[in-house]
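Q: Kindly return the folded structure for what I paste below:
(one chain, ligands or ions: 1)
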Amino acid sequence: MMGETQSKNLQPKKTNITDDYKISANVLGLGINGKVLECYSKANGRKFALKVLRDNPKARRELDLHWKASGSLHIVNIIDVYENVYKGSRCLLVVMECMEGGELFSRIQERADTAFTEREAAEIVADIGKAIAYLHSMNIAHRDVKPENLLYADTSPLALLKLTDFGFAKETTNTMLQTPCYTPYYVAPEVLGPEKYDKSCDMWSLGVITYILLCGFPPFYSNHGMAISPGMKKRIRNGQYEFPKPEWTNVSDEAKDLIRQLLKTDPNDRMTITEFMQHPWVKRASEVPQTPLMSAIVLKEEEDQWEEVQDEMTNALATMRVDYDQCHIKDVKESSNPLLNKRRKKAPGLEIQISK
Ligand code: I85
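A: Sure thing, here's the model as predicted:
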């Protein structure tokens, strides 16, 4: 049966969240679909993060996919979910483990005095890769992998790095393939296409994050401080970026090779997560040379521009999601393909199943 691939169905609690948690006024951040607050368990006093989502289909989708992915070591895990009326509207209240170590690049920026190395960069990239590999293996594309969604569990040097915010996540299994009108053997590649595009968005993100980790600035940037200038868009489309001196002088060729494969303009040419995890710089991250990098110093020096860098990545990802969505195949309903018309005549009842 369709929809039963989901092993652990989420059932939000209908009891009042305030029976179990004390909600603080402290805001931890703003997500795509809702704000994140601090809260405390009444049972043990422990601190958690609470995401408040106005209950609507988009919020349900975010929650559903986050819940499915919850359980991985490299995903911010969901602890509890409540369906309550909160400040007058029906809300989904998502209690998550609290990531007290803050954002990835804030931590690296603080390393300006202790030499952040290529090996450390490789180990971070491998961890982000594990989060994405887990999601892609479950046919989930995150589509919003960016610095502000990568958080450390705590402030210790061994803290785990985890991915959060499923507000743009998308299930990549083509539901149409589960309808009785396709036999898997005869499925055209363009029908399978879109799944790949959604996932390739995450691979491009990995390329940009790897690049920034290694030098402290992004591969593509606008000239005028505009969020995304026509010039920047053109450079992204043409894959125009460099490995300038002096920041890149001592960086290994293996790292550069990996970035080149991740930042391919055509999503069809881009590396997949499986290939990524097999790349020697990732697979043997712990053996990568301990070359000191300039990234921490550059990040510290260009602190003022960091917000702009983040906005640029947010915009580039938005553009990509729109572009790749346009690659989608025509809706079957609108198709006038002769073969399909023949099938329609044979089995008129099928139409209903298709258009569902
Ligand atoms: N803990 N994107 C940027 C945060 N623990 N944060 C963002 N979408 C989410 C905030 C805005 C991510 O879904 C977000 C989401 C979830 C969290 C989240 C989850 C769990 C945290 C939007 C913290 C935190 C806690 C204590 C200290 C510190 C941070 O944000 C810091 F280190 F910064 F002081």
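
Q: low-scoring pLDDT stretches of the stretch 51-200 of the chain, where are they?
A: The stretch 51-200 of the chain contains residues with pLDDT under 70 at 174-184, 187-195.

Q: Which positions in it make contact with the ligand?
A: If contacts are counted using CB under 6 Å from any ligand atom, the residues of the stretch 51-200 of the chain sitting beside the ligand are 51, 76, 96, 98-102, 148-149, 151, 164-165. Any C-beta I mention is one placed from the backbone N, CA and C, and that applies to glycine too.

Q: Please list only the buried members of those.
A: Among those, those that count as buried by neighbour count (16 or more other CB atoms under 10 Å) are 51, 76, 96, 98, 99, 101, 148, 149, 151, 164, 165.

Q: my guess is the fifth one contacts residue 151, does it?
A: Yes. The criterion here is CB atoms under 8 Å, and residue 99 meets it with residue 151 at 3.8 Å.

Q: What ranges does the stretch 151-300 of the chain have for its strands?
A: Read by DSSP state E, counting those that start in this stretch, the stretch 151-300 of the chain holds these strands, from start to end of the chain: 161-163, 170-171.

Q: could you dump those to JSON lines with mean neighbour count?
A: Formatted as JSON lines, the entries for the strands of the stretch 151-300 of the chain read as follows, by neighbours: other CB atoms under 10 Å:
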{"stretch": "strand 161-163", "mean neighbour count": "23"}
{"stretch": "strand 170-171", "mean neighbour count": "18"}
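
Q: re earlier: any residues in contact with both of residue 99 and residue 151?
A: Listed as contacting both residue 99 and residue 151 by CB atoms under 8 Å, 6 or more residues apart in numbering are 76, 162, 164.

Q: partners of the second one in the sheet?
A: On the basis of DSSP bridges, residue 162 is bridged to residue 151.

Q: That one and residue 137, how far apart?
A: Here the criterion is CB to CB, to the nearest Å. By it, residue 162 lies 17 Å from residue 137.

Q: could you redo the strands of the stretch 151-300 of the chain as JSON lines and give each row distance to residue 278?
A: Written out in JSON lines, the entries for these read as follows (distance: least, CB to CB, whole Å):
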{"stretch": "strand 161-163", "distance to residue 278": "21"}
{"stretch": "strand 170-171", "distance to residue 278": "25"}
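
Q: Out of the buried ones among the residues of the stretch 51-200 of the chain next to the ligand, list just those in helices.
A: In helices, defined here by DSSP state H, there are no members of those.

Q: ok, now which ones touch the closest residue to the ligand within the stretch 251-356 of the chain?
A: Taking CB to the nearest ligand atom, the ligand has its nearest neighbour within the stretch 251-356 of the chain at residue 310, 9.0 Å off. With contact taken as CB under 8 Å, 6+ apart, residue 310 is in contact with 146, 147, 148.

Q: Looking at it now. What's its pLDDT?
A: The model reports residue 310 with a pLDDT of 94.

Q: what do you get for residue 324?
A: Residue-level confidence at residue 324 comes out at 78, pLDDT.

Q: Setting the sequence-adjacent residues aside, check what's closest to it.
A: The shortest distance from residue 324 to any non-neighbouring residue, by CB to CB, 6 or more residues apart in numbering, is to residue 197 (3.8 Å).

Q: cool, residue 125 as well?
A: Counting by CB to CB, 6+ apart, the nearest residue to residue 125 once its immediate chain neighbours are dropped is residue 210, at 5.1 Å.

Q: isn't the one you found right up against residue 257?
A: No. Using CB under 8 Å, residue 210 is not in contact with residue 257; the gap is 11.2 Å.

Q: Tell me which of these two has more neighbours.
A: Under the criterion of other CB atoms under 10 Å, the comparison of residue 210 against residue 257 puts residue 210 first, with 26 against 13.

Q: distance between stretch 138-156 and the chain's centre?
A: The chain centroid and the centroid of stretch 138-156 are separated by 6 Å under CA atoms, centre = their mean, to the nearest Å.

Q: Ignore what I typed, I meant stretch 65-76.
A: Mean C-alpha position of stretch 65-76 versus that of the full chain (CA atoms, centre = their mean) differs by 12 Å.

Q: Please apply the same query to stretch 258-272.
A: Average the C-alpha atoms of stretch 258-272, do the same for its chain, and the two points are 17 Å apart (CA atoms, centre = their mean).

Q: got it, and stretch 281-299?
A: On CA atoms, centre = their mean, the centre of stretch 281-299 falls 22 Å from the chain's centre.

Q: List the buried residues in that stretch.
A: Within stretch 281-299, the residues that count as buried by 16+ other CB under 10 Å are 281, 282, 285, 288, 291, 293, 294, 295, 296, 297, 298, 299.

Q: Go ahead and name everything in contact with that stretch.
A: Residues outside stretch 281-299 that contact it (CB under 8 Å, 6+ apart): 105, 108-112, 114-119, 121-123, 125-126, 129, 212-217, 246-247, 250-252, 254-255, 257-258, 276-277, 306.

Q: how about the nearest residue to residue 26, chain neighbours excluded?
A: residue 38 (4.1 Å).

Q: The shared contacts of residue 99 and residue 151 into CSV, with extra columns for distance to residue 241?
A: Compiled in CSV, those are given as follows (distance: CB to CB, whole Å):
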residue, distance to residue 241
76, 30
162, 28
164, 27
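
Q: Give me the pLDDT value at the residue lying closest to residue 279 once chain neighbours are set aside.
A: In space, residue 279 comes closest to residue 258 once its chain neighbours are excluded; the distance is 5.3 Å by CB to CB, 6+ apart. The pLDDT attached to residue 258 in the predicted structure is 98.
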